[in-house]
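Engineer: turn this into a model:
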Amino acid sequence: MYAVIRTGSKQYRVEPGHELLVEKLDGIEAGQPLAISDVLLYSDGQSVAVGTPVVAVTVHCTCVGHEKGDKLKTTKYRRRKNYKRVYGHRQQYTRIVVDKFERKGN
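Structural biologist: Numbers count the residues shown, from 1 in each chain. Take a look at the predicted model:
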């Protein structure tokens with residue numbers, strides 16, 4: 001049993017018990033439950049349901065916590081112009097654990 005969900009403009013293939021990092025979800029604290037209804041594909045083992053655009057399935061998750069990714073450094077440089085800029089970025093993530101799938105309707 002698996003599903004493909006969309007969160008943070010990215011798509012993830014998830015299964016019950018699966019842990020993954022998604023872009024930071026505001027307003028969610030560690031230990032709080034989370035329901036994701038933006039499910040693009042769902043398979044229960046025998047059949048596959050592809051959404052147009054979404055399937056009537058809700059993925060129930062639990063937030064484990066928030067963390068930061070690796071530091072990325074970027075440099076801008078112009079030769080012979082005495083111009084050099086270095087800046088960094090650390091993406092913020094939310095770690096979630098998939099608990100179960102709940103099918104709505106049929």
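
Engineer: just the pLDDT at the residue in the chain sticking out farthest from the centre, thanks.
Structural biologist: Of all residues in the chain, residue 80 sits farthest from the chain's C-alpha centroid, using CA atoms, centre = their mean; the distance is 43.5 Å. pLDDT recorded at residue 80 is 97.

Engineer: that one in helix, strand or coil?
Structural biologist: coil (DSSP: H, G, I helix; E, B strand; the rest coil).

Engineer: which residues are contacting stretch 74-90?
Structural biologist: With contacts defined as CB atoms under 8 Å, 6 or more residues apart in numbering, stretch 74-90 is touched by 68-73. Using the backbone N, CA and C atoms, a C-beta is placed for each residue, glycine as well.

Engineer: just the ones of those in strands?
Structural biologist: 68-73 (DSSP state E).
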